[in-house]
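K.L.:
Dropping the sequence and predicted coords here.
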Amino acid sequence: MKKEKILVCGSGIAGLATALGLARSGFEVELLGPPPAAPKLSVDDYHPRVYAISVGSRRLLESLGVWPMMESRRVTPVEAMEVHGDAAGMVMLHAWQATQDTLAWIVESGEMERVLQQAIQVYGIRWWKEKFTHLEGKVACTETGRRLPFDLLVGADGARSPVRKAAGIFHRSRPYGDTGVVAHLDTELPHQNVAVQWFTGDSILALLPMPDTADGHQVSMVWSLPERAAADLMGMEPQARAAFLETRLAATSGGRFGRLRVRSQPFAFPLFLENSGMVAPGVALVSDAAHRVHPLAGQGLNLGLGDVRELLRVLTAKEEFRSVGDERVLKRYRRARVQPILAMSVATDGLHRLFASQAAPVVAVRNLGMQAVDRLPMLKRFLIGGAAG
């Protein structure tokens, strides 16, 4: 009996993890997509994009055998999170409040891609390093004219997903009118493995703990700004932009980490709320190809790795007489992911809307609500458990 073939389209973290997980589970799998750019970084240089990896996502990466492969000096534990409202509201979450050592781990996207690519090579997974263009039945066609037959096509090819479009899967997108700006900063004071977030009404600033460098302490900035403000910022000359950023950051953070100095080139990306139908006959979507949420909770990649984990579970548990591309099998995957995706979408979108309102009663109620949450240990445990995945 001919072994069924699964083709994973997309060579970012989600695509690499999917292909590796399928290979480790005994499926015949191939990978399609250009490899991510791998910048050469010195000991004190860090990839601009970092992620807060949840307990659940770490377990998946451990099961794939790649977590121990990452350089420990480039992985920073988050032991507490401090969230400030735009008045007196504040919530402090400590890992020990949920009998955990760590809330999350800050890891560079480039470091995760590096170890996943190494594992892909170790497992001998065939990797077609070219772009997908269109479908002809159950054949994926590439920019070079290559034709790759499949029994299941997994679209892990990002927010603009050509696979999603080619398969005709429902997709809905709503722009927030905001832009995320990220950069690494030197700090005067140590972060003590605490992530801090400020809701200011017109923006959301997060400073995430990073490894120390030869220049001292370091954090990663993720700042959600209105599109116009972000465009003006990114349009400045580098020296003027750094000076402006440092002044604004000092005012917003209230000196929480002392003096802040920009140490890397900032980059920006638009923010959207997106969802999709996730599956079609012979096709399944994961991660950004399937959904996107506001980054204020830092759960986008964790949600995507949750897709990977569930797809692996469903395919491994399916009846032997069913194909990997059977619509009933893929609908099981979609049903399993509906609630977690909806819950995270509603939570992040609701928080964004709540803090965007400047009506005086809303400002008062939301900050009083934060103070109430900070005094309820059981609710804190629930929040930490949800974030752990």
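P.N.:
Thanks, I have it.

K.L.:
Low-confidence ranges, the stretch 51-200 of the chain, go.
P.N.:
Low-confidence segments of the stretch 51-200 of the chain, defined by pLDDT under 70, are absent.

K.L.:
Which residue ranges of it form helices?
P.N.:
With DSSP state H, counting those that start in this stretch, the ranges of helices along the stretch 51-200 of the chain come out as 55-63, 109-122, 162-167.

K.L.:
For the shortest one, name the packing helices and strands.
P.N.:
With contacts taken as 3 or more C-beta pairs under 8 Å, 6 or more residues apart in numbering; DSSP states H and E, helix 162-167 sits against strand 132-135, strand 152-155, strand 283-285. Any C-beta I mention is one placed from the backbone N, CA and C, and that applies to glycine too.

K.L.:
To Tyr123, which of these lies closest?
P.N.:
Tyr123 sits nearest to strand 152-155 of all these, at 16.3 Å, using C-beta to C-beta.

K.L.:
contacts for that closest one?
P.N.:
4-10, 15, 18, 135, 138, 140, 161, 163-164, 167, 282-286, 289-290, 311, 315, 323-325, 330 (C-beta atoms under 8 Å, 6 or more residues apart in numbering).

K.L.:
swap the cut-off to 7 Å and go again
P.N.:
Residues outside strand 152-155 that contact it (C-beta atoms under 7 Å, 6 or more residues apart in numbering): 6-10, 18, 140, 161, 163-164, 282-286, 289, 324-325.

K.L.:
quick one on the thing from earlier: let me know which of the helices and strands packed on helix 162-167 is tucked in deepest.
P.N.:
For the helices and strands packed on helix 162-167, the largest average neighbour count (mean count of other C-beta atoms under 10 Å) is found in strand 283-285, namely a mean of 31.

K.L.:
Off-centre distance for that strand?
P.N.:
What separates the centre of strand 283-285 from the centre of its chain is 19 Å, taken as C-alpha atoms, centre = their mean, to the nearest Å.

K.L.:
report the longest helix in this structure, please.
P.N.:
The residue-count maximum for a helix in the chain (DSSP state H) belongs to helix 327-356.

K.L.:
just how off-centre is that helix within its chain?
P.N.:
14 Å.

K.L.:
so what secondary structure elements neighbour it?
P.N.:
For helix 327-356, the packing partners by 3 or more C-beta pairs under 7 Å, 6 or more residues apart in numbering; DSSP states H and E come out as strand 267-276, strand 279-280, helix 300-317.

K.L.:
And that helix, what's buried?
P.N.:
For helix 327-356, the neighbour count (16 or more other C-beta atoms under 10 Å) marks 329-330, 332-334, 336-337, 340-341, 344-345, 347-349, 351-352, 355-356 as buried.
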